[in-house]
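K.L.:
Mind folding the following:
(2 chains)
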2 protein chains.
Amino acid sequence: MTAEREVYVHLLPGLAPPGRLAGGTAVVIDVLRATTTVVHALAAGCTAVRPCAEVEEARELAGGMRAGRVLLGGERGGRPPPGFDLGNSPKEYCGKLCRGATLVLTTTNGTRALLRAAEAERVLLAAFVNFSAVCEQLRHDPRPLHIVCAGTDGEVALEDTLLAGALVDYLSEATEVRLNDAARLAWDCFDNHGRVLEGALAVSRGGEILRSLGYDDDVKAAARVDRFALVPELRREPLRVEVGSAGIVKNYWGERGA
Amino acid sequence: MTAEREVYVHLLPGLAPPGRLAGGTAVVIDVLRATTTVVHALAAGCTAVRPCAEVEEARELAGGMRAGRVLLGGERGGRPPPGFDLGNSPKEYCGKLCRGATLVLTTTNGTRALLRAAEAERVLLAAFVNFSAVCEQLRHDPRPLHIVCAGTDGEVALEDTLLAGALVDYLSEATEVRLNDAARLAWDCFDNHGRVLEGALAVSRGGEILRSLGYDDDVKAAARVDRFALVPELRREPLRVEVGSAGIVKNYWGERGA
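P.N.:
So this is what the prediction gives:
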């Protein structure tokens, strides 16, 4: 690739104007916890994840599917809504429950960011737990790239911005890039916080909220870089997330000296 | 001060929820160019600046004031609207024109951010050109602090975030602080870009737009740290900006090694 690659970061889904993502590749980030959890769920054997914006919509979709082959998961205020099989905690998504099941998922920030990003031609889900696998996919993708951070309840989130910055850092080494100002901010964030990842996640507002709810382990789990080598990708009709690529990949995080 | 000082950065005016600033002190930042220009205008002898959201509103307000004592200034798309006395370029605001005049000002991002921030109990205007003077004021102010960045046409702006980060850096040394995630991002931005200020302003989207319009000098002027020692402050009934404090102050920027 000799032309400049366009790399844009949107620190919140609402900061990407309507139509902006069309024709591009979007990477959706909700480190605490939706994209981390989706990677865990697919790694544990879920065949697909169906994202829903609302709790009731998720209940109805799951209710119409064959019992024993569907899991209803997600959170409101950090906790599973009444009657849900699972919350939004990565550790809940084990092989015994997940193998062969479709996960119907609704979360406050992450699934909404994903639905917003569906406007893009290609949509990948990124977390620290699949960082290098995402890099490998982006390396071969010539489209303009939009990194869409979910944030926390309408506020910019440190942990999402940090991962966005790690991707910007990788892409800036791999090719010539054209960045928006938010991408530069994200890069600065990675530069300063990438080496103290678990600490950064713990002091972030999202991390503080989770720790206050007793989910300390989730914060630690979200910081386990490259635990998995799969990339969740959005498929359509119906809208769902499946494993887009998987396999052993080069360790791009280690290269950054973190 | 022994209690933690609350220091929140809002990377765009719209990211501060309604009511959030009430009872606090707000610092409004639009480095390119509104807050830089207001400092220049007050330093050149304007007695007050009347911020207006719309061009027509500015024309009407100026039209109702005594000729020879009023200047109509501002921009749309970076250039002065038809019939305006002045644009939004700091260098236009010289002593000959400004002495004793009221400036009626309307700009795309900065005056709107200022009007949004009016909800706070106290509102100051910050630019690099009055950095240390603003630090001096904040040092003695116990209220929760909200740093409101104007951004560029709805996008997060590097130059505004950088200055927000410089203030966070100063305050974090001066006292115990409680930061939101955006304040941490701003601090990272200052850490990485503070030492290459003029270059950062030049590569920012706002800087690029200004340079493409031939306003290269304005970008350089905006990077002249501590050229002035005055702090513009919002007064009410009618809503206007005047010199809130002025005088020789300690050089807080130099201390940061930049």
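K.L.:
Convert the C-alpha atoms of stretch A:76-85 to CSV, please.
P.N.:
Coordinates of each C-alpha in stretch A:76-85 appear next as CSV, following Å, rounded to 0.1, in the frame of the first residue of the first chain:
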residue,chain,number,x,y,z
ARG,A,76,-28.4,-2.6,32.5
GLY,A,77,-26.5,-0.6,35.1
GLY,A,78,-23.8,-3.3,35.0
ARG,A,79,-26.1,-6.2,36.1
PRO,A,80,-28.1,-8.8,34.2
PRO,A,81,-31.8,-7.8,33.7
PRO,A,82,-34.4,-10.0,35.3
GLY,A,83,-34.8,-13.4,33.6
PHE,A,84,-31.6,-13.2,31.7
ASP,A,85,-29.4,-16.4,31.5
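K.L.:
What are the contacting residues of that stretch?
P.N.:
A:55, A:59, A:71-75, A:86-88, A:97, A:106, A:108, A:209-210, A:213, A:215 (Cβ atoms under 8 Å, 6 or more residues apart in numbering or on different chains). Any C-beta I mention is one placed from the backbone N, CA and C, and that applies to glycine too.
K.L.:
average pLDDT across it?
P.N.:
Stretch A:76-85 shows an average pLDDT of 95 in the prediction.
K.L.:
Same question for it: list its buried residues.
P.N.:
For stretch A:76-85, burial by neighbour count (16 or more other Cβ atoms under 10 Å in any protein chain shown) applies to A:76, A:78, A:80, A:81, A:84, A:85.
K.L.:
Next: stretch A:208-217.
P.N.:
Buried, per 16+ other Cβ under 10 Å, within stretch A:208-217: A:210, A:211, A:215.
K.L.:
before we move on, what about stretch A:118-125?
P.N.:
So stretch A:118-125, judged by 16+ other Cβ under 10 Å, has buried residues A:119, A:120, A:122, A:123, A:124, A:125.
K.L.:
Out of the contacts of stretch A:76-85, which end up buried?
P.N.:
Going by neighbour count (16+ other Cβ under 10 Å), these have A:55, A:59, A:71-75, A:86-88, A:97, A:106, A:108, A:210, A:215 buried.
K.L.:
Widest-spaced pair of those residues?
P.N.:
Put simply, by Cβ to Cβ the two of these set farthest apart are A:59 and A:210, 24.2 Å from each other.
K.L.:
what are the phi and psi values for the closest residue to chain B within the stretch 1-150 of chain A?
P.N.:
Nearest to chain B, among the residues of the stretch 1-150 of chain A, is residue A:11, at 6.1 Å (Cβ to the nearest Cβ). Per-residue torsions, residue A:11: phi -70, psi -20 (degrees, to the nearest 10).
K.L.:
Excluding covalently adjacent residues, which one is nearest to it?
P.N.:
residue A:156 (4.7 Å; Cβ to Cβ, 6 or more residues apart in numbering or on different chains).
K.L.:
Compute the distance between residue A:159 and chain B, please.
P.N.:
As defined by Cβ to the nearest Cβ, to the nearest Å, residue A:159 lies at a distance of 8 Å from chain B.
K.L.:
looking only at pLDDT, what's the mean for the strand or helix carrying that residue?
P.N.:
Assigned by DSSP states H and E, residue A:159 belongs to helix A:158-174. For helix A:158-174, mean pLDDT is 97.
K.L.:
next one: stretch A:133-148
P.N.:
Averaged across stretch A:133-148, pLDDT comes to 95.
K.L.:
Any buried residues in it, and which?
P.N.:
Those would be A:133, A:134, A:135, A:136, A:137, A:138, A:141, A:144, A:145, A:146, A:147, A:148, for stretch A:133-148 by 16+ other Cβ under 10 Å.
K.L.:
which pair in those residues spans the largest distance?
P.N.:
A:133 and A:144 (20.9 Å).
K.L.:
Settle this for me: residue A:170 is touching residue A:252, isn't it.
P.N.:
Yes: when contacts are counted by Cβ atoms under 8 Å, residue A:170 is listed as touching residue A:252 (5.4 Å).
K.L.:
Mutual contacts of those two, please.
P.N.:
Counting by Cβ under 8 Å, 6+ apart, the shared contacts of residue A:170 and residue A:252 are residue A:135.
K.L.:
would you turn the buried residues of stretch A:76-85 into a markdown table with secondary structure?
P.N.:
Shown next, in a markdown table, are these (DSSP: H, G, I helix; E, B strand; the rest coil):
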| residue | secondary structure |
| --- | --- |
| A:76 | strand |
| A:78 | coil |
| A:80 | coil |
| A:81 | coil |
| A:84 | coil |
| A:85 | coil |
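K.L.:
which two in the residues you listed are spaced the farthest apart?
P.N.:
Farthest pair in the buried residues of stretch A:76-85, by Cβ to Cβ: A:78 and A:85, 16.8 Å.
K.L.:
Return the residues of the stretch 101-250 of chain A in contact with chain B.
P.N.:
Proximity of the stretch 101-250 of chain A to chain B (Cβ under 8 Å from any Cβ of the partner chain) is limited to residues A:152, A:154-158, A:161, A:180-182, A:184-185, A:187-189, A:191-193, A:203-206.
K.L.:
Please pick the buried ones from the residues you listed.
P.N.:
Among those, those classed as buried by neighbour count (16+ other Cβ under 10 Å) are A:152, A:155-158, A:161, A:180-182, A:184-185, A:187-189, A:191-193, A:203-206.
K.L.:
picking up where we left off before, pull the contacting residues for the residue nearest to residue A:11.
P.N.:
Residues in contact with residue A:156 (Cβ under 8 Å, 6+ apart) are A:11, A:12, A:149, B:11, B:15, B:181, B:182, B:185.
K.L.:
Closest one to residue A:48 out of the residues you listed, please.
P.N.:
Nearest member of those to residue A:48, counting by Cβ to Cβ, is residue A:149, at 23.9 Å.
K.L.:
ok, the closest one touching residue A:158?
P.N.:
No: with contact defined as Cβ under 8 Å, residue A:149 and residue A:158 do not form a contacting pair (10.0 Å).
K.L.:
Find the residue closest to residue A:124 in space, skipping its chain neighbours.
P.N.:
residue A:27 (5.0 Å).
K.L.:
If you could redo that for residue A:34, that was the one I meant.
P.N.:
Setting aside the residues directly before and after it, residue A:34 is nearest to residue A:110 in space (Cβ to Cβ, 6+ apart), at 2.3 Å.
K.L.:
Could I get the pLDDT score of residue A:66?
P.N.:
At residue A:66, pLDDT is 85.
K.L.:
so it, which of the three states?
P.N.:
Per three-state DSSP, residue A:66 ends up coil.
K.L.:
From residue A:242, how far out is it?
P.N.:
According to Cβ to Cβ, to the nearest Å, residue A:66 and residue A:242 sit 18 Å apart.
K.L.:
mind listing the helices for the stretch 51-200 of chain A?
P.N.:
Counting by DSSP state H, counting those that start in this stretch, the stretch 51-200 of chain A has helices at residues A:55-63, A:95-98, A:110-117, A:131-139, A:158-174, A:181-193, A:197-203.
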